[in-house]
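A.B. asks: Give me a model of this one.
(chains A and B)
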Amino acid sequence: MSVAALDQLWVYLSGNPLLSLLATLLAFMVAVRINRALGGTPLLHPVTLSIAILIGFLLLVDMDYATYFEGAQFIHFLLGPATVALAIPLYDHRERVRRLLGPLLLACIAGIVTAVASTIGLAMLFGVRPETLLSLAPRSVTSPIAMGIAEQIGGIPSLAAGLVLLTGSIGCALGPGIFRLLRITDPAVQGFTMGLSAHGFGTAHSFARLGAVAGAFSGLSMGLTGLLTAFLLPLITRLLGLN
Amino acid sequence: MPLIMGMSMLLACQMLGELVTRGLSMPVPGPVLGMVILLVALILRGKVPSSLRVTGEGLLRYLTLLFVPAGVGLMVHGALIGADLLPIAVTLVASTALTLGVTAWVLSRLQRRRRHDKGREGAA
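C.D. replies: Next up is the predicted model:
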């Protein structure tokens, strides 16, 4: 045992996927514990908290994001099959979805128009620079779709992905308060709204907090919003003469 | 081997979705189309195989964790976000609140009206 050996151990560890994988899981566990200790407040969502913990950790040990992601990609990869798995709760609640199809479509279009119009309007009002504005526009859509849209309309794809994640955590923080204000208790309406405004974050939140019905509707609205926005947004930005 | 079978079904649907979206250069990500493919398959089959349910519901229970690695990527954009920090923050919070409110309000109004109509027909 010597100090030099410890040094070499660190070189080995920081170049190995093991460390970032374990750090991600531990950070998530700690974040869930902290959130529970605070009475499950939506203002400090476990995901937001774990992201903050991990960014702090990476800065502290001076590891760059690319190195971290080499290990964490194994967790990231599971997002694909998890998205596919959303078909299961959707199938379970297919009757209710079919009965509500008309209202769901209308609410979806109303939500998308509100999201895009208020985002572009506010950002223009504040004089946000154009490439940031165009990366903000698709912010309420799940990140892989948002990145594609941002690229198409002239934004920065990776910045769009970051803004999407911020939107997701803000949506989870604001959602419960707004439902209380509007006296909305139906889990289907809550889930659909969360999925539309906060995409995957909202869906995950719905499954974890509001139950399977909310989760199913949230997954549905996430997919629907992504599809519709991909077609609508390029038209809207062209109409506004932004690109 | 329920976990292996379930995972294979999910990955097969994702791969199919990935191939079709890439082949036709659709603006939709592969997994989302994969979800549609699996839904159609489940409707055709009429039930969810238990192996698929075990795997799928296990994944969905930890959906929040799966977003963490991508979220840490925010650290890369610190400078760009920092340059417009206040406008971005205000825009995000205000517009997200507005979107939540409008969507929830529209959907609950439409749903309530439909329930009323059904009630009048006496079919509710």
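A.B. asks: Tell me which stretches of chain A form strands.
C.D. replies: Per DSSP state E, chain A carries no strands over any range.
A.B. asks: low pLDDT regions in it?
C.D. replies: A:1-4, A:144, A:241-243 (pLDDT under 70).
A.B. asks: So which residue is smack in the middle of chain B?
C.D. replies: B:Val32 (7.6 Å; CA atoms, centre = their mean).
A.B. asks: Tell me who's in contact with that one.
C.D. replies: A:83, A:142, A:144-145, A:223, A:226-227, B:17 (CB atoms under 8 Å, 6 or more residues apart in numbering or on different chains). Where C-beta positions appear, they are placed from N, C-alpha and C, glycine not excepted.
A.B. asks: possible to save these as CSV with distance to B:Arg114 and neighbour count?
C.D. replies: Listed next are those as CSV, based on distance: CB to CB, whole Å; neighbours: other CB atoms under 10 Å in any protein chain shown:
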residue, distance to B:Arg114, neighbour count
A:Thr83, 30, 32
A:Thr142, 28, 28
A:Pro144, 33, 21
A:Ile145, 30, 25
A:Gly223, 22, 27
A:Gly226, 26, 28
A:Leu227, 24, 19
B:Gly17, 33, 25
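A.B. asks: which one among those residues gets closest to B:Gly73?
C.D. replies: Closest approach between the contacts of B:Val32 and B:Gly73, by CB to CB: A:Pro144, at 13.1 Å.
A.B. asks: What is the neighbour count of residue 71?
C.D. replies: Just so you know, I chose chain A. Neighbours of A:Gly71 under the rule other CB atoms under 10 Å in any protein chain shown: 21.
A.B. asks: Chain B is the one I meant
C.D. replies: B:Gly71 has 24 neighbouring residues, counting by other CB under 10 Å.
A.B. asks: Which helix or which strand is home to it?
C.D. replies: helix B:68-72 (DSSP states H and E).
A.B. asks: quick one: is that helix near chain A?
C.D. replies: Yes. Against chain A, helix B:68-72 shows contacts by CB under 8 Å from any CB of the partner chain at B:68-72.
A.B. asks: Could you check that helix and say which residues are buried?
C.D. replies: B:68-72 (16 or more other CB atoms under 10 Å in any protein chain shown).
A.B. asks: contacting residues around it?
C.D. replies: Contacts for helix B:68-72 (CB under 8 Å, 6+ apart): A:24, A:27-28, A:47-48, A:50-51, A:54-55, A:58, A:65, A:68-69, A:72-73, A:75-76, A:79, A:143, A:161, A:165.
A.B. asks: Separate out the buried members of the residues you listed.
C.D. replies: A:24, A:27-28, A:47-48, A:50-51, A:54-55, A:58, A:65, A:68-69, A:72, A:75-76, A:79, A:143, A:161, A:165.
A.B. asks: How about the contacts made by A:Ser218?
C.D. replies: A:191-192, A:194-195, A:202-203, A:206-207.
A.B. asks: How much space separates it from A:His205?
C.D. replies: Per CB to CB, to the nearest Å, A:Ser218 is found 8 Å from A:His205.
A.B. asks: How about B:Val102?
C.D. replies: Counting by CB to CB - B:Val102 and A:His205 are separated by 19 Å.
A.B. asks: Near the nearest residue to A:Gly177 once chain neighbours are set aside, how many other residues are there?
C.D. replies: In space, A:Gly177 comes closest to A:Pro42 once its chain neighbours are excluded; the distance is 7.9 Å by CB to CB, 6 or more residues apart in numbering or on different chains. Applying other CB under 10 Å, we find 16 residues neighbouring A:Pro42.
A.B. asks: so what's A:Pro42 up against?
C.D. replies: A:172-173, A:175-177, A:205.
A.B. asks: mind checking pLDDT for B:Met5?
C.D. replies: With respect to pLDDT, B:Met5 has a value of 93.
A.B. asks: circling back to that earlier point, can you tell me which of the contacts of A:Pro42 is closest to A:Leu232?
C.D. replies: Closest to A:Leu232, out of all of those and judged by CB to CB, is A:Gly175, at 23.2 Å.
A.B. asks: any idea how far the closest one lies from chain B?
C.D. replies: Separation of A:Gly175 from chain B (CB to the nearest CB, to the nearest Å): 6 Å.
A.B. asks: where exactly do the helices run in the chain?
C.D. replies: Reading this off chain A. Defined through DSSP state H, the helices belonging to chain A, from first to last, are A:3-14, A:17-37, A:46-61, A:65-77, A:79-85, A:87-92, A:94-99, A:101-125, A:130-136, A:143-153, A:157-181, A:187-205, A:212-239.
A.B. asks: that's the wrong chain, I wanted chain B
C.D. replies: In chain B, the helices defined using DSSP H lie at B:2-23, B:30-45, B:50-61, B:63-66, B:68-72, B:78-83, B:85-121.
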